[in-house]
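In: Provide a 3D model corresponding to the input given below.
(4 chains, ligands or ions: 4)
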2 protein chains.
Amino acid sequence: MKFTMAEENYIKAVYHLQHGQEVVSTNALSAELQTKPASVTDMLKKLKAKKIISYEPYRGVKLSAEGRKVALGIVRKHRLWEYFLVDKLQFGWDEVHEVAEELEHISSNKLIDKLDEFLGHPKFDPHGDPIPDSKGKIIAQPQEQLSGALLHTPVQITAVGSQSTELLELLKHKGLQMGTRLEVKKVFDFDGSLELRIKNQQVVTVSRELASVLFVKSL
Amino acid sequence: MKFTMAEENYIKAVYHLQHGQEVVSTNALSAELQTKPASVTDMLKKLKAKKIISYEPYRGVKLSAEGRKVALGIVRKHRLWEYFLVDKLQFGWDEVHEVAEELEHISSNKLIDKLDEFLGHPKFDPHGDPIPDSKGKIIAQPQEQLSGALLHTPVQITAVGSQSTELLELLKHKGLQMGTRLEVKKVFDFDGSLELRIKNQQVVTVSRELASVLFVKSL
DNA sequence: ATAAAAATTTAGGTTTGTCTAAAAATAAAT
DNA sequence: ATTTATTTTTAGACAAACCTAAATTTTTAT
Ligand SMILES: [Mn+2]
Ligand SMILES: [Mn+2]
Ligand SMILES: [Mn+2]
Ligand SMILES: [Mn+2]
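Out: Ligands and ions are numbered 1, 2, ... in the order given. Predicted coordinates:
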């Protein structure tokens, strides 16, 4: 089945918001997509008619099996293009999201499979998020929050929980990026801020807000 | 100024049809874009209001200076993406047109300039058409038709006058492509067909129709 | 349990880009 | 110079995707 760009954006948004949550609300979608709740309701009816979601008025929405497959296809395109932009065209990891937001809607499957091959079948995008393979299989990530990491234990940044320019600007400033090794030196109970030592380098302080959107794995 | 995908497709179509012709007709545009003449008229009014074209009812249409600049930007994107698909992703030259038809509408200028650099600033696309540079400068091509070439004079194919799958399939079958060297051995007056010898290889026969959409330069 | 607040849907519009059918203008033929 | 044919425009509709304002349902607070 074919989908319009607007439909694809809604499907992907449901997919992202569904993580953790059982069902996704109209308001959550309207915030994510920067549209009004009334517009969301219109689109949900359309997607229900196409059997992409299950939806009962006032009860929230879930992807169907088919919908999940479609969503993973879009996520795959988005993340492969991001990888291309950073790895081949030398974009900064904080500059790629908006461009990929357009590129993910190019329809050719042949294109995306050839791109995947050209890039060497990467497993993670520049933000550390896993890239689904051509069959829709995706690596489930443990997603351990930095804010919950043990003291004095070496960890590595594996993902960031947002693509906002603001977040990425802050990370750049602090000298943090995908793959950065560090350990937590101290946690301050007053405001939840953390003091980190970056591998063989300086000590930086990060807020509770920042620590909660950084994901790490132990080394 | 920003343009919708539909507007960009109309602007590019006017640009292409304007070659040779002084003004472009409503019917020509409707044929090129596979829409009805009434739809074309609607869009022409909109593009006139945006000062992209000059247009008087029943009198045909021309690009303004601004419109030409916009058109060259779209053509640049289209041809750079075609080059990318063939050179980096190993697409056949007969498979790239439709995909580029979508990719040409990705809006980021930074993307297209980085892509240009990544590709090494190519001057011609896989069909032999010149690629405008970032300032909109485009190499004017002499466009000598094969059907008018001298006998027994070595020439090289520099461009094809159509992107249709049918044409490209025929060329592939005959063993003809961009850069192929050949000479005309004989012209048959009865049907205008030509006998060609491909450099150090076999002799092939091509119809008058085919010879008129193949462009060559003398060696 | 009721009232107030929040979330969601419905009703009625707008813009963009398309269409068909009919009218008007231009071009070609007699 | 008329008539006929072709091209183009106008008029009126429609689907997609959005909006605002009002009505409805659900949730939360009293
Ligand atoms: Mn998108
Ligand atoms: Mn990403
Ligand atoms: Mn196009
Ligand atoms: Mn081309």
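In: secondary structure class for the nearest residue to A:His97 once chain neighbours are set aside?
Out: Closest residue in space to A:His97, ignoring its immediate chain neighbours: A:Gln163 at 4.4 Å, by Cβ to Cβ, 6 or more residues apart in numbering or on different chains. C-beta: built from backbone N, CA, C; applies to glycine. Judged by DSSP: H, G, I helix; E, B strand; the rest coil, the three-state class of A:Gln163 is coil.
In: How confident was the prediction at A:Gln163?
Out: Reported pLDDT at A:Gln163 in the predicted model: 83.
In: is it true that it touches A:His127?
Out: Yes - here A:Gln163 reaches A:His127: they are 6.4 Å apart, a contact under Cβ atoms under 8 Å.
In: on that earlier part again, backbone phi and psi for the residue nearest to A:His97, please?
Out: Dihedral angles of A:Gln163 (phi, psi; degrees, to the nearest 10) stand at phi -110, psi 10.
In: Assign a three-state SS to the closest residue to A:Lys2 other than its chain neighbours, would you?
Out: The shortest distance from A:Lys2 to any non-neighbouring residue, by Cβ to Cβ, 6+ apart, is to A:Ser107 (7.5 Å). Under three-state DSSP, A:Ser107 falls in the coil class.
In: what do you get for A:Ile157?
Out: Strictly by three-state DSSP, A:Ile157 counts as strand.
In: what bridges to it?
Out: Taking DSSP bridges as the rule, A:Ile157 bridges to A:Val216.
In: Could you give the number of residues near it?
Out: Using other Cβ atoms under 10 Å in any protein chain shown, A:Ile157 is surrounded by 20 other residues.
In: Check it and give its pLDDT.
Out: The per-residue pLDDT reported for A:Ile157 equals 94.
In: Could you measure from it over to B:Lys48?
Out: A:Ile157 is 54 Å from B:Lys48, where distance means Cβ to Cβ, to the nearest Å.
In: Likewise for A:Val213?
Out: A:Val213 sits 49 Å away from B:Lys48, going by Cβ to Cβ.
In: ok, A:Gln163 and A:His127, which is more surrounded?
Out: In this view A:Gln163 and A:His127 are compared by other Cβ under 10 Å, and A:His127 has more residues nearby, 22 against 18.
In: Quickly note the distance from that one to B:Asn200.
Out: 53 Å.
In: What of A:Lys48?
Out: Using Cβ to Cβ, A:Lys48 is found at 64 Å from B:Asn200.
In: Could you check which of the two has the larger neighbour count?
Out: Per other Cβ under 10 Å, whichever of A:Lys48 and B:Asn200 has more neighbours is A:Lys48, with 15 against 6.
In: got the contact list for that one?
Out: A:Ser54, A:Tyr55 (Cβ atoms under 8 Å, 6 or more residues apart in numbering or on different chains).
In: And A:Met178, by the same measure?
Out: A:Trp93, A:Phe124, A:Pro126, A:His127, A:Gly128, A:Ile157, A:Thr158, A:Ala159, A:Val160.
In: From those, pick the one nearest B:Glu82.
Out: If you rank the contacts of A:Met178 by distance to B:Glu82 using Cβ to Cβ, A:Pro126 comes first, at 26.3 Å.
In: just how off-centre is the strand or helix carrying A:Lys114 within its chain?
Out: Taking DSSP states H and E as the criterion, A:Lys114 maps to helix A:109-119. Offset of helix A:109-119 from its chain centre (Cα atoms, centre = their mean, to the nearest Å): 21 Å.
In: Tell me how far the helix or strand following it lies from the chain's centre.
Out: Downstream of helix A:109-119, the first helix or strand assigned by DSSP H and E is strand A:144-145. In terms of Cα atoms, centre = their mean, the centre of strand A:144-145 is set 15 Å apart from its chain centre.
In: and strand A:144-145, what does it pack onto?
Out: In terms of contacts (3 or more Cβ pairs under 8 Å, 6 or more residues apart in numbering or on different chains; DSSP states H and E), strand A:144-145 is packed against strand A:214-218.
In: can you give me the offset of the strand it packs on from its chain's centre?
Out: Distance of strand A:214-218 from the chain centroid (Cα atoms, centre = their mean) equals 15 Å.
In: Could you pull out the buried residues of that strand?
Out: A:Leu214, A:Phe215, A:Val216 (16 or more other Cβ atoms under 10 Å in any protein chain shown).
In: What segments of chain A are helices?
Out: Taking DSSP state H as the test, the helices found in chain A are A:5-18, A:26-33, A:37-49, A:65-87, A:97-103, A:109-119, A:165-174, A:208-212.
In: Most neighbours out of the contacts of A:Met178, which is it?
Out: Sorting the contacts of A:Met178 by how many neighbours each has (other Cβ under 10 Å) puts A:Pro126 first, at 25 neighbours.
In: OK, contacts around that residue?
Out: A:Glu82, A:Tyr83, A:Leu85, A:Val86, A:Asp87, A:Trp93, A:Val96, A:Met178.
In: May I have the phi/psi pair for it?
Out: phi -70, psi -10.
In: From A:Lys69, how far out is the residue in chain A that DNA strand D sits nearest to?
Out: Across chain A, the shortest distance to DNA strand D (Cβ to the nearest atom of the strand) belongs to A:Thr4, at 2.8 Å. According to Cβ to Cβ, A:Thr4 and A:Lys69 sit 17 Å apart.
In: Who has more neighbours out of those two?
Out: Taking other Cβ under 10 Å, A:Thr4 and A:Lys69 do not tie; A:Lys69 has more neighbours (14 against 10).
In: sorry, back to before: excluding its own residues, what touches the helix holding A:Lys114? List them.
Out: Applying Cβ under 8 Å, 6+ apart, the contact partners of helix A:109-119 are A:76-77, A:80-81, A:83-84, A:87-88, A:106, A:122, A:134, B:85, B:88-91, B:95, B:99.
In: How about stretch A:204-218?
Out: Outside stretch A:204-218, the residues that reach it (Cβ under 8 Å, 6+ apart) are A:128, A:141-147, A:149-150, A:153-162, A:167, A:170, A:174-176, A:191-196, A:198.
In: hmm, which of these are the buried ones?
Out: Buried among these (16+ other Cβ under 10 Å): A:128, A:144, A:146-147, A:149, A:155, A:157-160, A:167, A:170, A:174, A:176, A:193-194, A:196, A:198.
In: where does chain A have low pLDDT?
Out: Residue ranges of chain A with pLDDT under 70: none are present.
In: nearest residue to the residue of it found nearest ligand 2 other than its sequence neighbours?
Out: Going by Cβ to the ion, ligand 2 is nearest to A:His127 of chain A, at 3.9 Å. Setting aside the residues directly before and after it, A:His127 is nearest to A:Val160 in space (Cβ to Cβ, 6+ apart), at 5.3 Å.
In: go on, A:Asp94?
Out: A:Leu168 (3.4 Å).
In: could you measure the one you found against B:Gln141, distance?
Out: Taken as Cβ to Cβ, the span from A:Leu168 to B:Gln141 is 44 Å.
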